[in-house]
Every structure is written in structure tokens, then in C-alpha cells.
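K.L.:
Model the following, please.
(one chain, ligands or ions: 1)
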Amino acid sequence: MKAIIGGTGVYGTSHNSRVEKIKTKYGEVEVDVINIDGEEIVFLARHGKKHSVPPHLINYRANMMALKEFGVNYIYATAAVGSCNESYAPGDIVVIKDFIDFTKSRPVTFYDGGENGVKHVDMGDPYCKNMREKFYLYSKELGLDIKGDAVYICTEGPRFETASEIKMYKNFGDVVGMTSVPEVVLAKELGLCYSSIGIITNWCTGIGGEIALHDIQGSVDKNRERITEVFIKVFKEGLDQENCYCNNSIIEL
Ligand code: HPA
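P.N.:
This next block holds a predicted model:
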């Protein structure tokens, strides 16, 4: 089974769906199940359908465990991000390739020494290589312009960054957001293939020298339908876990 996690501004698709509630030991999660030509795809709104959960309080473990328990193996996510790379402007689409974690207060693992024990997870390729390649391939086919790969700086939020923070972050990465960690990490712990597509909604603080006007919903609206179309196209063409390490990333001690 395949899933889409919709980030800020992406709260559903235009397809018919039914609501499903999935109970996990971390909490209950509500998803939409969409039927496309006989194939079911799960849709999860990361912040809730009314954007009611801030980034640092999202129950990432419940979300990812719910998808796993529902039978999901492949996840495409969207992420609204600010750009600190002059080559990526508001409205552009990027494929997230790697991350740097500056979060502070979140549960970051399923392996917290309880009944699941202590395990480490490899981060050599956090965002599934196959799913990234396929996104490029089918975007080209469907005419969606991708600006390039991006390193994602994950901040704690919910506040935006100071100009001095961005001055530092821009030495390390291309885009800044608040949610990819621990989502991608937990996906790997569960052996899931996960890829995230960045939608640039604003210049980061201090970039361009002026106060950025944030039209977050506008930037996302411009691309939402076509990004989802590409996700669905990849899902229909088929995916496997033969050519990546996503299902084999736990480092046994
Ligand atoms: N910073 C952090 N998170 C964000 C931004 C930003 O500039 N834009 C969208 N999400």
C-alpha cells in the first residue's frame, strides 16, 4: 500500500475518499483512503485537516506507526519550506535529498529502550533513492518543473528563524522547514520507503535583504494538484524495495 503525507497547504486530494481511524500504541490517527482505478492510497494530513497541530507537537510516532500498521510501504510527503539558497525561489519545487537536524524537544525514535530495545538506524540515504529518481522521471513526463535537490534544515519552530540563524544555516543547507525530522527517521526505523518534495513558500529571514511576505497557501496551491498527480503516477507504475536500503536500515549491535 502507498501513502501521501500532505504538509502545510495540502489537506486532501480531489479524489473521492473514505475516512479510516487507525489505533496505535502512540495514539489514534485519522486518514483518508482514496480509491484510484481500484487501487487504494492513504492520505494523511500532517498538521490535521484544519492545520490545528503545530510542528513540534505532531504525533509523528503515531502517524508513522499507523501507516505501517495499515500496510503502507511507500510514502511521498510534501513539505512547505523557506529557501536560503538564492537558486531556489518561492513557488519552486525541490526534491529533498538529505537533512540536518536542529530540532530540540521531540520523541525521535521508536527504539527508546522500552520493550522495543535500543537500536540505531542508518542515515546514508534517508530519503528513498528510488522514489526520488521516479519523482524526477515522472515530473518530466507530466511537465512539472523541478529545480533540483535540496538539503533540508529542520528547525524546532513554531517560530521562524532569526536572520543570524539563517546566515548560519545557509552554509549547511538549501531549505528550512520544521517537520521532516523525525518523520523521515521514523519511516526508516519501520523499514518504509519515504521521499519528501519541498514546495518553496518564502525566502528565509534576511535572504534578499527585505522582510519576506509569506504567501504560503498561494505557493502551495500553484503546485499541489500536479505534485499529487506525479505521486499517483509513480504509485501506479509500481515501486519495489529491491534497489534501496530503506527496508534494511537498522544497525544491529
Ligand atoms: N522557516 C521554517 N519553516 C518554514 C519556513 C521558513 O522560512 N517556510 C515554511 N516553513
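
K.L.:
Tell me which helix or strand whichever residue of the chain sits closest to the ligand sits in.
P.N.:
Here the residue of the chain nearest the ligand is Gly82; by Cβ to the nearest ligand atom that distance is 2.2 Å. For every residue, glycine as well, the C-beta is placed using N, CA and C. Take DSSP states H and E as the rule and Gly82 turns out to sit in strand 74-83.

K.L.:
in the following helix or strand past that strand, what's buried?
P.N.:
Under the assignment DSSP H and E, the closest C-terminal helix or strand after strand 74-83 is strand 93-102. The neighbour-count check on strand 93-102 (16 or more other Cβ atoms under 10 Å) flags Ile93, Val94, Val95, Ile96, Lys97, Asp98, Phe99, Asp101, Phe102 as buried.

K.L.:
now stretch 199-212
P.N.:
Ile199, Ile200, Thr201, Asn202, Trp203, Cys204, Thr205, Gly206, Ile207, Ala212.

K.L.:
Mind putting those into a markdown table with pLDDT?
P.N.:
Putting the buried residues of stretch 199-212 into a markdown table (pLDDT from 0 to 100) gives the following:
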| residue | pLDDT |
| --- | --- |
| Ile199 | 95 |
| Ile200 | 93 |
| Thr201 | 92 |
| Asn202 | 91 |
| Trp203 | 93 |
| Cys204 | 95 |
| Thr205 | 94 |
| Gly206 | 92 |
| Ile207 | 90 |
| Ala212 | 59 |
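
K.L.:
Could you tell me which residues of the chain lie near the ligand?
P.N.:
Ala80, Val81, Gly82, Thr155, Phe160, Glu161, Val176, Gly177, Met178, Thr201, Asn202, Cys204 (Cβ under 6 Å from any ligand atom).

K.L.:
quick one: the fourth one and Thr103 touch, right?
P.N.:
To tie it back to what came earlier, the one meant is Thr155. Yes - under the criterion of Cβ atoms under 8 Å, Thr155 makes contact with Thr103 at 7.0 Å.

K.L.:
Those two: which is more packed in?
P.N.:
Thr155 (24 against 17; other Cβ atoms under 10 Å).

K.L.:
Narrow the buried residues of stretch 199-212 to those in strands?
P.N.:
Among the buried residues of stretch 199-212, the members falling in strands (DSSP state E) are Ile199, Ile200, Thr201, Asn202, Trp203.

K.L.:
Roughly how far does the residue of the chain closest to the ligand sit from Ile166?
P.N.:
8 Å (Cβ to Cβ, to the nearest Å).

K.L.:
what sits in contact with each of those two?
P.N.:
Residues touching both Gly82 and Ile166 by Cβ atoms under 8 Å, 6 or more residues apart in numbering: Val176, Cys204, Thr205.

K.L.:
count of neighbours near the residue of the chain closest to the ligand?
P.N.:
When neighbours are defined as other Cβ under 10 Å, Gly82 has 27 of them.

K.L.:
Not counting sequence-adjacent ones, nearest residue to it?
P.N.:
Cys204 (4.1 Å; Cβ to Cβ, 6 or more residues apart in numbering).

K.L.:
just Glu28 next, same as before
P.N.:
Using Cβ to Cβ, 6+ apart and skipping the chain neighbours, the partner closest in space to Glu28 is Lys21 (5.8 Å).

K.L.:
what is the one you found paired to in the beta sheet?
P.N.:
Glu30 (DSSP bridges).

K.L.:
correct me, but it touches Glu30?
P.N.:
Yes - look at Lys21 against Glu30 with Cβ under 8 Å: they come within range, at 5.4 Å.
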